[in-house]
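Undergrad: Sharing a model prediction with you, sequence too.
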Amino acid sequence: MSERPTYTLKGDTGDWELVMGLEVHAQVASEAKLFSGASTEFGADPNCNVSLVDAAMPGMLPVINKKCVEQAVRTGLGLKAKINKWSRFDRKNYFYPDLPQGYQISQFDHPIVGEGEIEVDVEPAHGDPAYSFPVRIERLHLEQDAGKSIHDMDPTATYVDLNRSGVALMEIVSKPDVRTPLEAAAYVKKLKSIVVALGTCDGDMEKGNLRADVNVSVCKPGGYEKFRETGDFSHLGTRCEIKNMNSFRFIQAAIEYEARRQIEILESGGKVDQETRLFDPNKGETRSMRSKEDAHDYRYFPDPDLLPLEFDDLFIENIKANLPELPDDKRARFESEYGLSRYDAGVLTADSERAEFFEAVAKGRDAKLAANWVSQELFGYLNREDLELAASPVSAAQLGELVDLISNDTISGKIAKDVFARMIDGEGNPGDIVERHGLKQVTDTGAIEAIVDQIIAENPEQAASVKEKPKAMGWFVGQVMKASGGKANPGAVNQILKQKLGL
Amino acid sequence: MSVTKEDVRKVARLSRIAVSEDRLEPLANELTSIMGWIEQLNEVDVDGVEPMTSVVDATLPMRDDVVTDGNIQGQVLANAPKSEDGFFVVPKSVE
């Protein structure tokens, strides 16, 4: 693994650095809502998945969903975090049409999950190699989602749908350990892979089931190190919170814009106001969202409708006993069991379906070759076509068969790419494709020798000059391969050519 | 603790309660006296006493993750001053 690079932004007065902490909202995978028996299903008609509790009718009382509590604990265990056996729900008070209670039930100073830490992997980009870095988790708490306001159905009115109102969310808060836009996206990707592997959130960002708020500030080089030494936030700049982003691309674009905006303000002698901002993907910029006088004045207090949330060690142990293999553990196993590099193992284990697919292909075969075909060729194709693995035209069994054909020298790697393209076109199993199109590799040295002899005879000048210019050898290999329709075994061709040309 | 006219204005705004200008001062006085009364409680020594947020010594009852409610759009919208196509309709409010 490579060193973590330093990310600096050039300003008129010198270099600046970025500091970020993230708040990720992950919708808890559950059938019913956090405090009511209404369904959490996506896409229902407006206000149908709503109980009188979710609509905040007078006299309605919340009763907590046990599954949501288990899911929060499960996620906490996946984040290697402290589980708090005693936690409490508080009211976060604010007015908005899609919040019928006038407050959100959340957890303020006693969250269900405390401090943890995860290792985040950053893909190679902009010429920098892959690296990983730790992010400390500050807390995870349970809270209710709000309803949905729709502003474009009428020029003078807002339409409100409470179907989401009361759905359980896990808010996962990181410490300010993220330093580049790419790292911010990589952190969210890592959290997503953990919650999906745990089955505690489906991770569907398009539906908004996983979304991120990013706290961005800029400081001069050295400021962050002083902050880490002393814990004193005054070494960091004033932060702005960019709300509710549900794509990795938006997260990066918003941070890049926001950092520039803050640097421009500071360099022209201004002051950054601590505020909440929204990213507009169409304009590629952030804009102020809430008026400052009301922001962060939520007047939290313990919810008198709910008792403290308590459970015992047995409750935690039962959840621990049923944890699946986490992405990091799986990656470590792929490294040792299949001899893959950390990066390759990371790519293959970022998603449990993909990991399962790879294992089906690799089982009993050359794992490195299998990894190459799965991640480079198949995943490369799926990414280009924007297809899910479930929609792959090639099954694990078929790809495994292709790997077998390469391993036992039936076809060369080059021909295999041709066979793979035909598999994607739906031509069926690789063995049949090789038979049908006569793509079997020629390993019969007699047949290759005949071709070599013919090429040398037809090109006496090149044959004579090849001793002075050994690079011309490549030309001969190409000619022989071409004459054999790409089917000659490249190793055999090289050997015979060298022998015949006297090299 | 003394509650000022500005405190009342702010709290009223946060609570979306309309308070006319001439009521701010009298309300501030009333709230100040209420706060003074509550502050007497600070005289009690509570060192080493766990904060009590509930008067019942019970743990939070939990519910199974089963859908038992919903599909009552008519009831949910029954009291809405205005609704359309199943939505509540409220004055335009964009953040």
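TA: Cool, the structure landed.
Undergrad: Neighbours of residue 30, how many?
TA: In the absence of a named chain, this looks at chain A. 21 (other C-beta atoms under 10 Å in any protein chain shown). No exception for glycine: its C-beta is placed from N, CA and C like everyone else's.
Undergrad: not quite, I wanted chain B
TA: Residue B:30 - counted by other C-beta under 10 Å - has 12 other residues nearby.
Undergrad: again with residue A:501
TA: Residues near residue A:501, counting by other C-beta under 10 Å: 18.
Undergrad: Once you drop chain neighbours, what's closest to it?
TA: Counting by C-beta to C-beta, 6 or more residues apart in numbering or on different chains, residue A:501 lies nearest to residue A:466, which is 5.4 Å off, once chain neighbours are set aside.
Undergrad: can you check residue A:465 too?
TA: Once flanking residues are discounted, residue A:465 sits nearest to residue A:472: 6.3 Å by C-beta to C-beta, 6+ apart.
Undergrad: Could you double-check that the one you found sits in contact with residue A:461?
TA: No. If you go by C-beta atoms under 8 Å, residue A:472 and residue A:461 don't touch, sitting 10.2 Å apart.
Undergrad: out of these two, which sits in the busier spot?
TA: residue A:472 (15 against 7).
Undergrad: Quick check: phi and psi on that one?
TA: Taking degrees, to the nearest 10, you get phi -60, psi -20 for the backbone angles of residue A:472.
Undergrad: For it, give its distance to residue A:501.
TA: Taking C-beta to C-beta, to the nearest Å as the measure, residue A:472 falls 9 Å from residue A:501.
Undergrad: which neighbours do the two share?
TA: Residues touching both residue A:472 and residue A:501 (C-beta atoms under 8 Å, 6 or more residues apart in numbering or on different chains) are residue A:466.
Undergrad: which bits of the stretch 151-300 of chain A sit near chain B?
TA: The stretch 151-300 of chain A comes close to chain B at residues A:151, A:153-162, A:278, A:289-290, A:293-294, A:297, A:299, as judged by C-beta under 8 Å from any C-beta of the partner chain.
Undergrad: can you pull the buried residues of stretch A:365-380?
TA: Neighbour-count burial for stretch A:365-380 flags A:365-367, A:369-375, A:377-379 (criterion: 16 or more other C-beta atoms under 10 Å in any protein chain shown).
Undergrad: next one: stretch A:409-419
TA: Taking 16+ other C-beta under 10 Å as the criterion, stretch A:409-419 shows A:410, A:411, A:412, A:415, A:416, A:418, A:419 as buried.
Undergrad: what's the answer for stretch A:421-436, then?
TA: A:422, A:423, A:424, A:430, A:431, A:433, A:434.
Undergrad: Now pLDDT too, for the buried residues of stretch A:409-419, in JSON lines please.
TA: Shown next, in JSON lines, are those (pLDDT from 0 to 100):
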{"residue": "A:410", "pLDDT": "85"}
{"residue": "A:411", "pLDDT": "86"}
{"residue": "A:412", "pLDDT": "82"}
{"residue": "A:415", "pLDDT": "85"}
{"residue": "A:416", "pLDDT": "90"}
{"residue": "A:418", "pLDDT": "89"}
{"residue": "A:419", "pLDDT": "91"}
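Undergrad: Once you drop chain neighbours, what's closest to the residue nearest the centre of chain A?
TA: The residue lying closest to the centre of chain A (C-alpha atoms, centre = their mean) is residue A:189, at 2.7 Å. Nearest residue to residue A:189, sequence neighbours excluded (C-beta to C-beta, 6+ apart): residue A:248, at 6.6 Å.
Undergrad: Could you double-check that the one you found lies in contact with residue A:182?
TA: No. In this structure residue A:248 lies outside contact range of residue A:182 using C-beta under 8 Å: 9.3 Å.
Undergrad: Kindly state the domain boundaries assigned to chain A.
TA: Using automatic domain parsing, the domains assigned to chain A come out as A:17-314, A:325-436, A:445-501.
Undergrad: Pull the distance from the second one to the chain's centre.
TA: The one in question is domain A:325-436. Counting by C-alpha atoms, centre = their mean, to the nearest Å, domain A:325-436 is centred 20 Å from the centre of its parent chain.
Undergrad: how long is it end to end?
TA: Across its full length, domain A:325-436 reaches 42 Å between end residues, using C-alpha to C-alpha, to the nearest Å.
Undergrad: Also the last one?
TA: Taking C-alpha to C-alpha as the measure, domain A:445-501 stretches 16 Å from start to finish.
Undergrad: Enumerate the residues of chain B near chain A.
TA: Counting by C-beta under 8 Å from any C-beta, chain B sits next to chain A at B:10, B:13-14, B:16, B:53-54, B:56, B:58-73, B:75-77, B:82, B:84-95.
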